[in-house]
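[1] sequence first, then the predicted structure:
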Amino acid sequence: MAKNRQWTEEDDGRLIELRTAGQSTPQIAKSLKRTEAATASRISILKNRGAFDADRHYQNDKPRVEER
């Protein structure tokens, strides 16, 4: 994996697409050829910017089980 590679708009778009499709941080990192730490950090940044609700379906990076 490349060191200190900048995130592009395409990378962000793909990250958002994969996360909203329900993929975990490790799965996304592998798809984007990024470290898990870099991917988790970018998810947090995008969430803070309001780009998407990164944790709508996740709790502690595990699929959230909705109580009925």
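    Structure's in. What do you need?
[2] neighbours of Ala21, just the number please.
    Residues within reach of Ala21, counting by other Cβ atoms under 10 Å, total 10. The C-beta positions use only the backbone N, C-alpha and C, and glycine is treated the same way.
[3] and the gap between it and Arg5?
    23 Å (Cβ to Cβ, to the nearest Å).
[4] cool, Ser41 as well?
    Ser41 is 13 Å from Arg5, by Cβ to Cβ.
[5] again with Ile43
    Relative to Arg5, and taking Cβ to Cβ, Ile43 is found at 16 Å.
[6] looking at the two, which is more packed in?
    Neighbours per residue (other Cβ under 10 Å) separate Ile43 from Arg5, with Ile43 holding more: 21 against 12.
[7] where do the helices of the protein begin and end?
    With DSSP state H as the criterion, the chain has helices at 9-20, 25-32, 36-48.
[8] just want the angle from the shortest one to helix 36-48.
    With axes from the mean of the first three to the mean of the last three Cα atoms, to 10 degrees applied, the angle from helix 25-32 to helix 36-48 works out at 100 degrees.
[9] buried ones in helix 25-32, by neighbour count?
    Across helix 25-32, burial judged by 16 or more other Cβ atoms under 10 Å covers Thr25, Ile28, Ala29, Leu32.
[10] that one packs against which elements?
    Here helix 25-32 touches helix 9-20, helix 36-48, going by 3 or more Cβ pairs under 8 Å, 6 or more residues apart in numbering; DSSP states H and E.
[11] same question for the last one.
    Under the contact definition 3+ Cβ pairs under 8 Å, 6+ apart, helix 36-48 sits against helix 9-20, helix 25-32.
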